[in-house]
Structure formats: C-alpha cells, structure tokens
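Can you look at this prediction? I've put the sequence above it.
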Amino acid sequence: MRNPLSDTIVQIKPSGIRKFFDIVSEMKDAISLGVGEPDFDTPWHVREEGIYSLEKGKTFYTSNSGLKELRVEICNYIKRSQDITYDPLKEVIVTVGGSEAIDIGLRAMINPGDEVLIPQPSYVSYEPCALLAGAKPVIINLKAENEFRLTAAEVEEAITEKTKILILPFPNNPTGAIMEKSDLEAVAEVVKKHDIYVMSDEIYAELTYKGKHVSIASLPGMQERTILINGFSKAYAMTGWRLGYACGPEAIIKQMTKIHQFAIMCAPTTSQYAAVEALKNGDDDVAMMRESYNQRRRFLINAFKEMGLECFEPFGAFYIFPCIKEFGMTSDEFATRFLEEEKVAVVPGTAFGDCGEGFLRISYAYSLEKLKLAIGKLEHFINKLRAEKEA
Amino acid sequence: MSEQVNNEKLREELLKLVEKNSRMDLKELAVLVGAEEIDVVNAMEEMEKDGTICAYHTLINWEKTSIEKVTALIEVRVTPQRGQGFDSIAERIYNYPEVRSLYLLSGGFDLMVILEGKTLREVSSFVSDKLATMDTVLSTSTHFILKKYKDHGTIMTTKKVDEREMITP
C-alpha cells in the first residue's frame, strides 16, 4: 500500500510536552505545576452572555472575519491599551484562538524558502507552523543573562537576505520574560533596516507586572510591518472558548481571511458574543486576576530565593523559569525524577527549544495553597539532590 | 503625594487578602504584596486601631457539624424617634448577643435583624417576647434560612475541582 502520509508533517517532531503529559496522566494524585492556562473560571457575566446568545438563537455562522461588533470592540481595546488605530472592517480578523492566527498569518506571508526568525525558549507552535507554511525556521537562542529578552544584536546576527518574518513572543511563555519599550525600539530599528515583518504574539499582554505591556506595533513605522496577535484565553480565562484575533495591514489580513474562510469558516459564534462582553465590561476581572497572579509570582520568587534556587525575576505571563544547572542533570532528568519521587509535574525547559536546557517551566496558574504544597515538595527534593551531590 | 497613594494601594491589597484569608501571617502578606514587612506590620496595626479591621472571623458551615443552629432574617418596621432617628432603637436590638447582624435599610421596612438561635422556638420567642414588644416596633416579619448557598463570597454547596489537563503548552 502507498504511504498515506505527508513527508512534511511526518518530519515535524511532536510537542515535547506530550511525553510528560503521558507519564503524568497515568500517575494518580500527582500535583501539577504544568498548565499553560488560567485557574480562574471565565467571569460569570461573560459566560452568561454566551448562554444568553444561545437562548436568543444566535447559533449561525458569523461573517468570516468575525462579528462586526466584536471587531469594533477589539479595535477600541487596542486603541485604549496601546494607542494604535486599526480599521475594524479591514485590519482585524477573529480567529480560533491565537494559535490559528499564528498559523494563517505565516501561511499568508511565506513563500517557499523564506526564513522565519523564532526566538526560543518559546511557545511550541511557531516552528511547526513555519515548517507547514514552507518556511525555513531560524532559531534565535535567548540567553538567561539577558533575562531571556531578545536583543537587537541577536536579531541582526540571525538575519539573512531570505529573512521575512521575526516572531516576537512576549510576554513570554515559558520564561515569563517581557520586552520593555527600549528593548523593542532597538529591535524595531533592525527590523526596519532590513525591511522584514514582525509577528508579535501578545496573548499575555494583560499579564505584566512591571508597567503596562508595550506593543511593537505602537512604535513609529512599525504598524505597517506588524501582525499583532492576541486573544481572550489568558486575559479573560477563556481558553476553552477558542477565540483570538490578529490585527495588521489590510493586504495581509485579507489573505489571512481567505485561508480562514476556506479552512475554518468563522470562529465559534457563542464565543464571539461572550468576547464582546469581556471587552466591554471585563477590565475589573482582568485587574483582579493580574493582582492574584502577581501575588503568587512574588511568593515563588521569594521561595526560590530562600531555597537558593537561581532564577531571574519574570515580569510577565504566569510562568517562572528557574535554573537547575547546579544539580548536574538535564531538565528532562530533573523533571522526571521530581515527578517520580515527589509526584509534582513541571515542564522541562527543553520542551520550548533546545536552549531551555537547564531550566524548568513552573506555572503559577494555581491557588496559593497548591503552590505552597508543591514548593514544599520542591524544597524537599532539591535538598535531597544537594545532599546526594555532597555525599 | 505618591507615597500617600501607594500607602492607600497597599492597604487596599492587604484588606482584600485578609478578607479572604485572615490566617495569613504578616511575613507572608509582605511577600505577597511586595512590601517591606515593617510597612505591612504598621499598616495592619493602624487599620486595627482605627477600626478599619474590626475582627478576624472564620466562616463555618455549621451544617457539617452535629451542632444545631437556626438562623432567621427578621424585617422590622419601627417608628424613628425624634432627635435620635433609628440609632437608639437599633442599639436596644443589637445589644442582644443572639443578634448576629443588624442593618438599617431603605425600602418597605427599616431594620434587618439577623438572628441565630439553637431552635425555632428560641428564635420565635425572641421575636415575640423581646423584639415585637418594644415600644417603637410596629411590625416584624420573620424568615427562617433553609439553606446557605453562598456566604461572605464563598460558595458553600459545591467544592471546585480542577478539571484542567495536567500538562498543557
């Protein structure tokens, strides 16, 4: 029989997270610090709006680009948070999560052989999506000594004449790193100099703990060369609703809409109605969740300091990325032993790129009580490792 | 000026935390709000002194125990007194230890008494013997609480279970 499969997809490695998931799900009573989604429920007024839309029979397709009312609210939100003006009719598309926006954005812009710069450690889907779009992914290894920020020099060094897009994944999953305005200005200069585009994944934009998030699209001359991606999953605790969006130049959004139209039709209608409510009346919910994440973040930083675990202070998302190099084992070995011996699941840094070696991603999308329990176990474990090392 | 604002912000964050969990110690509070421990100690002491923080309570679901308790909401209509309004009648009511809460309300009646007793009889005799007989009380209407779904912002009927996948990207 003929091989039924595409060589391209077969050659793509499955997500490094998968392996861990399989071990953890077989283990009873394991505690997990491994999730990438909020522990809060979607705010009730948002859920109720979804229910209400169903009651009213709003169960049809929306326009391909999404409900007009939602696109208008998205533009209002970006105007008030970043002072960037987008045309809701031509420069916005509502997608099935930020993930779809990444996928169709790359597919709309890539010609075979184009290079896409992907800073790592970062979210697992950029590289596969770039490959599926026919691009050559070029990895930029972010450095712990820069607090995992992207520097202009690193971009400059990675650029070739084939470079077309720089992916900018900040605030960052898994490191919690952010890019401040001055960091972005330096990168923007290089981007403009070499006439490339930026795909800025700002899904964690609302979750920063050192001043407000700045979008690279707000810098002079950058809006016309940036695809800004955001969504509802992290800010409003709406992961299961699968709703995101992309804003950018009309020419790009138009082609993205074409792919979306043929592959997806439109984002879920119920989710879109709920999202309108989230953007209109959800600011207080976001502030409440941000404050809570920030308290947990401070708790973890303090706990790591007390147990002498090396870690830079992350100012974004809900992850902390401690260094475990002192124990002389790989991230994978550490995470596996930690799971087996203490029954706590964390994700090895290598799941987010090779340069995540020596680090762990610990999520603080958990209640303080759960964090305390897990951190107690982490302390017990590293004391054991240190004793082993001395013996 | 900015220090004043920050102090207000610190107090607000502390109050929100201890309102949810009054068992947090001062050191832990300082870590969570990202302030020096001494500043937290001072802020908490000030708020205890000036009556912002009145008491540290525990929310108990008595239904889980074998102890019998009856709670009633009593709507009370009264005649306010010249020069004292509702305050003196309120004082006569709230001094009874079985009165858990007392509020002055707008609308169809004046005072809302929340009363706790061991039995129905105890509650009803309080109403008929003590409350209804007060000179200024015009009428009372007693409602017994059958089930507590939510109290002090805490849902009491169900415990939330974490249904998320253990590991997600």
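Structure received.

how deep is residue A:168 tucked in, by neighbour count?
For residue A:168, the neighbour count with other CB atoms under 10 Å in any protein chain shown is 29. (Each C-beta comes from the backbone N, C-alpha and C, glycine too.)

list the buried ones in stretch A:258-269?
Going by neighbour count (16 or more other CB atoms under 10 Å in any protein chain shown), the buried part of stretch A:258-269 is A:259-260, A:266-269.

Nearest to chain B, out of these: which one, please.
Top of the list for closeness to chain B, among these and by CB to the nearest CB, is residue A:268 at 19.3 Å.

looking at it, that closest one is touching residue A:97, isn't it?
No - counting by CB atoms under 8 Å, residue A:268 does not reach residue A:97; the two are 10.2 Å apart.

what residue ranges in chain B score low on pLDDT?
When residues are selected by pLDDT under 70, those of chain B lie in B:1-5.

Tell me where it has helices.
Secondary structure of chain B, counting by DSSP state H: helices at B:2-20, B:26-33, B:37-49, B:87-94, B:120-125.

Restrict stretch A:366-384 to CA atoms and write it as CSV.
What follows is stretch A:366-384, C-alpha atoms only, in CSV (Å, rounded to 0.1, in the frame of the first residue of the first chain):
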residue,chain,number,x,y,z
TYR,A,366,-2.6,27.7,40.7
SER,A,367,-4.0,28.7,44.0
LEU,A,368,-1.6,29.8,46.7
GLU,A,369,-2.4,26.8,48.7
LYS,A,370,-1.5,24.4,45.9
LEU,A,371,1.7,26.4,45.2
LYS,A,372,2.7,26.1,48.8
LEU,A,373,2.2,22.4,48.8
ALA,A,374,4.2,21.9,45.6
ILE,A,375,7.0,24.3,46.6
GLY,A,376,7.4,22.4,49.9
LYS,A,377,8.0,19.3,47.8
LEU,A,378,10.4,21.1,45.5
GLU,A,379,12.4,22.2,48.5
HIS,A,380,12.5,18.7,49.9
PHE,A,381,13.6,17.4,46.5
ILE,A,382,16.4,19.9,45.9
ASN,A,383,17.7,19.4,49.5
LYS,A,384,17.9,15.7,48.7
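
the helices in the stretch 251-391 of chain A, which residues?
For the stretch 251-391 of chain A, the helices defined by DSSP state H, counting those that start in this stretch cover A:269-281, A:283-306, A:331-342, A:368-390.

tell me which residues in stretch B:21-32 are buried?
Taking 16+ other CB under 10 Å as the neighbour-count basis, stretch B:21-32 is seen to contain the buried residues B:24, B:28-32.

Need the contact partners of that stretch.
The set of residues that contact stretch B:21-32 without belonging to it, under CB atoms under 8 Å, 6 or more residues apart in numbering or on different chains, is A:295, A:298-299, A:302, A:368, B:14, B:17-18, B:36-37, B:39-41, B:44, B:56-58.

Let's see the distance spanning that stretch from one end to the other.
With CA to CA, to the nearest Å as the measure, stretch B:21-32 spans 13 Å from end to end.
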